[in-house]
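Undergrad: Dropping the sequence and predicted coords here.
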Amino acid sequence: MDATAHDSTQHTAQPIPFKAETRQLLDILIHSLYTEREIFLRELISNASDALTRIDFEILTNRSVLDSSAELGIWITADTQENTLTIRDTGIGMTAEEMVQNLGTIAHSGAREFIHAFQESAKHPAEGRSLSDMIGQFGVGFYSVFMVAEWVRVTSRSHLPEAEAATWMCTGADTFTVEVAEKADRGTVVTIKLKEDASEFAQDHRLRQIIRRHSDFIPFPIYLGEKAEQVNRQTAIWRQSPRQVEQKDYEEFYRQLTLEVDPPLVHAHMMVDAPAQMYAILYIPASQERGMFSLRREPGLKLYARKVLIQEYNRDLLPEYLEFVQGVVDSEDLPLNVSRESVQSNRIMAQLKKLVTSKVLDTLRKLAVDDPSKYNQFWAGYARYLKQGVAMEPEEPEGLYSLLRFHTTTHPGEWSSLDDYLQRMPPGQEQIYYIVGDDERSVLYSPHLDVVRRAGYEVLIMADPLDAFMLVRLTQYKEHKLANVADADLKLPETPGQEPESEEAPQVEMEALVGRIRQHLGDQVSDVRLTTRLTDSPARLVDPQGAPNPEMQRVMRLLNQEFETPKKVLELNPHHPILQRLNALPEPSPLAGLIIDQIYEDALLIEGLHPDPAGMIQRIQKLMEAALEIKP
Ligand code: ADP
Ligand code: MG
């Protein structure tokens with residue numbers, strides 16, 4: 001190690017001890033086996049960018065700045081022979097005193113939290129998180145360089161014209177030196193002697209990859225190598241006025257961000273000043289499945305604070321049900337040195353989340369109006385997310401209702417919104433009717449539809465398992481209550497031309513049959529009774545009074561295999577030919593028993609409650625045999 005060979009004054013400066021806290025941090029980092037060591041470069045570039053931002057401001061307000069016309073930029077060069085890496089900037093620079101102050105103690109708030117978390121985890125080793133988790137989570141600022149460095153030398157010249165250049169040098173965890181140096185131009189040069197196992201960071205291609213990954217939108221040019229090729233895109237398109245950005249730029253940025261092949265369905269560009277300052281570009285991907293080469297490995301938005309990337313996957317800016325949204329959020333109100341941990345608890349974050357969430361929902365509502373077929377494409381891919389939102393979102397699921405789409409009994413092949421349904425509602429209808437079932441086709445045969453069909457009402461089909469969860473919350477839309485057609489007490493308004501509901505005569509005749517069926521089915525059902533609600537179907541099953549509502553039962557069945565559905569009431573249609581003829585059969589007949597069992601099991605089947613449909617085959621064969629015996 002020939003650190004002192006670079007000492008321009010040719011005599012060794014007095015070593016200055018690091019503060020205890022810093023020493024501890026350095027000790028951890030020097031011996032760290034953290035696999036994502038590449039983040040050290042992000043930290044150094046972000047420091048250079050901060051220094052450039054500060055001088056940028058200084059030049060605007062202060063005339064006596066050294067090198068006021070120098071290009072503002074960052075230059076990175078590596079020497080594979082020497083295994084060194086150099087990061088130079090033309091930023092604000094540091095005086096010797098500032099170096100002692102800034103590089104001798106922990107400035108970075110993340111580093112301080114890291115130390116704190118480390119001490120805590122040492123106190124409670126059992127629940128301790130792994131060291132590398134913590135490094136990744138907190139970001140440790142300048143000192144992260146010690147994950148890859150054998151020694152580090154920082155030479156800087158402040159923007160103050162009369163200040164002398166100085167060199168800060170550190171070769172280990174205990175002390176550093178600061179001494180006068182030769183440097184004519186303003187700014188800072190950080191030279192790193194890489195550890196042997198860190199020689200990858202002297203390779204230009206590796207450096208380019210890291211810069212693109214972590215620092216692509218740093219607002220100053222980053223030049224790499226001897227030829228000083230600019231590697232970052234630099235422009236933060238989200239900070240440009242939407243009028244300046246073309247559709248193809250949005251798509252190109254999306255492609256760079258995600259490496260998805262298909263362009264996004266829709267994007268939104270936000271620029272907000274209150275209650276919090278933010279820029280954002282948000283995308284709805286064409287499909288909720290990620291492409292084979294997608295760059296986005298996890299859900300979350302890219303979060304920048306003042307153009308510096310803070311978090312690759314931030315999940316605190318959107319509710320979980322919108323986690324498919326891609327994009328970037330950048331705020332001037334988040335402190336530059338905000339750490340990953342403190343991001344979560346930052347007050348500004350809650351405000352940003354509100355803004356981002358309502359923008360996404362507005363964008364979807366607008367899409368539904370402007371381009372219904374594209375919205376239907378969205379719905380086909382993302383329905384489950386929005387349903388999950390209705391079921392789980394504690395605040396205002398109402399905001400999602402107009403985004404829901406349904407197939408209905410009168411429009412089974414197309415997606416209808418609740419507003420479409422309301423528009424088609426005939427005069428006199430007050431409630432929104434729905435039917436729950438296992439699959440859309442069999443639902444259409446349900447006996448529960450008899451009565452609403454007779455009244456000419458449209459019924460929403462809820463055949464997705466998630467619908468039951470959604471219906472626990474979705475009970476009303478715009479003054480209209482939602483009503484399950486399977487509800488035994490379903491209230492239907494009088495419709496003109498409808499037959500009166502009670503007809504005494506057949507009821508009396510049928511009472512004996514009801515008794516026989518009750519006796520035959522025994523405790524398989526909680527009761528058997530007649531109904532006037534059926535027209536085309538002989539029977540149906542409804543819940544007895546006091547049972548949990550059908551959606552709740554469905555939710556419980558889905559969550560718990562063991563859940564026992566309460567015994568149902570079998571309702572019979574006294575006008576149906578099967579029941580009329582059954583009634584006419586001589587009293588104890590084996591055929592009547594078969595028919596009663598079959599009526600009951602058909603009703604179970606249509607409810608999706610039949611435990612063993614194939615078990616019906618034998619009985620159906622017997623019924624066919626009996627039918628063939630009847631002479632024409
Ligand atoms: P943070 O960036 O969060 O303040 P760091 O540990 O990354 O913490 O950096 C410590 C301090 O060192 C910075 O606040 C800054 O004052 C100083 N510093 C680091 N790098 C540079 C640089 N390239 N130019 C000027 N000052 C720098
Ligand atoms: Mg920093």
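TA: Alright, I've got the coordinates. Bear in mind that the values here come from a model prediction, so they are computed numbers and not experimental data. Ligands and ions are numbered 1, 2, ... in the order given.
Undergrad: Can you name the residues of the protein that neighbour ligand 2?
TA: Asn47, Gly141 (C-beta under 5 Å from the ion). Glycine gets a C-beta too; all of them are placed from N, C-alpha and C.
Undergrad: Show me where the chain dips below the pLDDT cut-off.
TA: 1-12, 109-110, 125-134, 136-139, 291-295, 308-309, 336-344, 494-508, 587-588, 631-632 (pLDDT under 70).
Undergrad: In the stretch 401-550 of the chain, which residue sits nearest ligand 1?
TA: Residue nearest to ligand 1 within the stretch 401-550 of the chain: Leu403 (41.5 Å; C-beta to the nearest ligand atom).
Undergrad: That residue and Ala368 touch, don't they?
TA: Yes: using C-beta atoms under 8 Å, Leu403 is in contact with Ala368, at 6.7 Å.
Undergrad: residue ranges for the helices of the stretch 1-150 of the chain, please.
TA: Assigned by DSSP state H, counting those that start in this stretch, the helices in the stretch 1-150 of the chain fall at 20-30, 39-61, 96-104, 109-123, 131-138.
Undergrad: Turn these into TSV, including mean neighbour count and distance to Pro566.
TA: TSV is the format used below for the helices of the stretch 1-150 of the chain (neighbours: other C-beta atoms under 10 Å; distance: least, C-beta to C-beta, whole Å):
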stretch	mean neighbour count	distance to Pro566
helix 20-30	18	61
helix 39-61	20	58
helix 96-104	17	71
helix 109-123	17	51
helix 131-138	18	48
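Undergrad: Please name the nearest non-neighbouring residue to the residue in the chain positioned nearest to ligand 1.
TA: For the chain and ligand 1, the shortest gap (C-beta to the nearest ligand atom) falls at Gly141, measuring 2.6 Å. Distances taken as C-beta to C-beta, 6 or more residues apart in numbering put His108 closest to Gly141, at 2.8 Å, once the chain neighbours are dropped.
Undergrad: What is the neighbour count of that neighbour?
TA: Neighbourhood size, His108 [other C-beta atoms under 10 Å]: 21.
Undergrad: Please report the distance of it from Leu52.
TA: 18 Å (C-beta to C-beta, to the nearest Å).
Undergrad: Count the residues that sit near Gln240.
TA: A count of nearby residues for Gln240, using other C-beta under 10 Å, gives 15.
Undergrad: what does the one 10 residues further on give?
TA: Close neighbours of Tyr250, defined as other C-beta under 10 Å, add up to 21.
Undergrad: what number of residues lie near the residue in the stretch 351-500 of the chain that ligand 2 sits nearest to?
TA: When distances are taken as C-beta to the ion, the stretch 351-500 of the chain reaches nearest to ligand 2 at Leu352, 21.9 Å away. Leu352 sits with 27 neighbouring residues when counted by other C-beta under 10 Å.
Undergrad: sorry, back to before: rebuild the helices of the stretch 1-150 of the chain as JSON lines, extending it with distance to ligand 1.
TA: Conversion of the helices of the stretch 1-150 of the chain to JSON lines gives the following (distance: least, C-beta to the nearest ligand atom, whole Å):
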{"stretch": "helix 20-30", "distance to ligand 1": "10"}
{"stretch": "helix 39-61", "distance to ligand 1": "3"}
{"stretch": "helix 96-104", "distance to ligand 1": "3"}
{"stretch": "helix 109-123", "distance to ligand 1": "6"}
{"stretch": "helix 131-138", "distance to ligand 1": "11"}
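Undergrad: As a markdown table, those with distance to Tyr283 would be great.
TA: Listed next are the helices of the stretch 1-150 of the chain as a markdown table, based on distance: least, C-beta to C-beta, whole Å:
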| stretch | distance to Tyr283 |
| --- | --- |
| helix 20-30 | 37 |
| helix 39-61 | 24 |
| helix 96-104 | 39 |
| helix 109-123 | 29 |
| helix 131-138 | 26 |
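Undergrad: show me what contacts the closest residue in space to Ser144 that isn't next to it in sequence?
TA: Distance criterion C-beta to C-beta, 6+ apart; nearest residue to Ser144, sequence neighbours excluded, is Phe40 at 4.3 Å. By C-beta atoms under 8 Å, 6 or more residues apart in numbering, the contact list for Phe40 reads Ser144, Val145, Met147, Val148.
Undergrad: same check, this time on Ser144
TA: Neighbour list for Ser144: Leu29, Arg37, Ile39, Phe40, Glu43, Ile135 [criterion: C-beta under 8 Å, 6+ apart].
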